[in-house]
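> Here is my input; please provide its structure:
(2 chains)
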Amino acid sequence: MLPEFFFGYFACAILGLAMLTVTRKNLVHSVLWMLLLFLHIACLYLFLNAEFLAVIQIIVYAGAILVLFLFLVMLLNLREEHEARRFVKAWQGRLAVCILLLTVIVISVYKATVQPTGGYSIAFINEAGHTKVLGTVLFNQYVLPFLMTALVLFVPMVAAIVLAMKERKR
Amino acid sequence: MIPLSWYLMLGAGLFVIGMFTFLVRRNIIMMLISLELMLNAVNIMLIATSHYMQDMRGQILAFFVMAGAAAGVAIGLALLIAAFRNRESANMDEYNLLKG
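Okay, here's the model as predicted:
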């Protein structure tokens, strides 16, 4: 009973906060609602025995990405956006497409079950520690993708600096 | 024990909210925010499936998705700064230079 209650709370909170995030007129309010949303998602990860990913979720999303968004909202003077039209005119068709997609996904996952492979059971992860298990898998089987992640993070950094730099007078 | 399909339906709901926002809001910052929502929905589904399969691969994939999301938002915001310098607006309808 208790797990269902907690899951219900988190599910309602996540969906409600997502709705709040995307409908606000003021972008700062929207970003702050998104902070609360990310914290709830991190709690949901804790619920799934993924402590390391919960902490990473808070550090990366709440720590880095949200600060980037807030910084940008502050940097660009968006005061006149408040009065501008927020939504496109022809939203009915797009809403229909979205509802269709939701229906398709819900029907296809309605009775979804998976066979546990048993390689990393909950008891095993709890005994060894989630971070250690994840690190072992990451550095044994996924070293090359992990190293490429460094490149994936380095190239946008250079690109962001070059794009945001002021063009020099020739 | 909560069934796996509940988590998948939660992820689907969050994904559709993000997608609808991406389609109807005209503010570029809002569109980037909705991209983040969609990536988070996928992460919830991946981690839930990984937990129920007792397999670590889904969580590794979620880890890489987070790195990709950080890279994507950095480059998106840099592009927005560069575009804002020319148009003085974050409204998507203003960017119609390539429209015939």
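
> So what would you say the end-to-end distance of stretch A:43-52 is?
The first and last residues of stretch A:43-52 sit 12 Å apart, counting by Cα to Cα, to the nearest Å.

> Now it: buried residues?
Counting neighbours by 16 or more other Cβ atoms under 10 Å in any protein chain shown, one finds that the buried residues in stretch A:43-52 are A:43-45, A:47-52. (Glycine included, C-beta is placed from N, CA and C.)

> any idea which of those residues is closest to chain B?
Proximity of those to chain B (Cβ to the nearest Cβ) peaks at A:Leu48, which lies at 4.4 Å.

> What residues does that closest one make contact with?
For A:Leu48, the residues meeting the contact criterion (Cβ atoms under 8 Å, 6 or more residues apart in numbering or on different chains) are B:7, B:47-48, B:51.

> pLDDT value on it, please?
pLDDT recorded at A:Leu48 is 90.

> OK, contacts around the residue lying closest to B:Met38 once chain neighbours are set aside?
Beyond its immediate neighbours in the sequence, the residue positioned closest to B:Met38 (Cβ to Cβ, 6 or more residues apart in numbering or on different chains) is B:Gly18, lying 3.9 Å away. With contacts defined as Cβ under 8 Å, 6+ apart, the neighbours of B:Gly18 are A:18, A:22, B:34-38, B:41.

> Can you show me the CA trace of the lowest-mean-pLDDT helix or strand in chain A as PDB?
Ranked by mean pLDDT, DSSP states H and E, the weakest helix or strand in chain A is helix A:122-128, scoring a mean of 83. These are the backbone C-alpha positions of helix A:122-128, laid out as PDB (Å, rounded to 0.1, in the frame of the first residue of the first chain):
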ATOM      1  CA  ILE A 122      18.300  -5.700  -5.900                       C
ATOM      2  CA  ALA A 123      20.000  -7.600  -3.100                       C
ATOM      3  CA  PHE A 124      23.300  -7.700  -5.000                       C
ATOM      4  CA  ILE A 125      23.200  -4.000  -5.800                       C
ATOM      5  CA  ASN A 126      22.300  -3.200  -2.200                       C
ATOM      6  CA  GLU A 127      25.100  -5.300  -0.900                       C
ATOM      7  CA  ALA A 128      27.800  -4.000  -3.200                       C
END
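
> Could you give me the buried positions within the helix or strand that it is followed by?
In the C-terminal direction, the helix or strand that comes right after helix A:122-128 (DSSP states H and E) is helix A:130-141. Residues of helix A:130-141 classed as buried under the neighbour-count rule (16+ other Cβ under 10 Å) are A:130, A:133-134, A:137-138.
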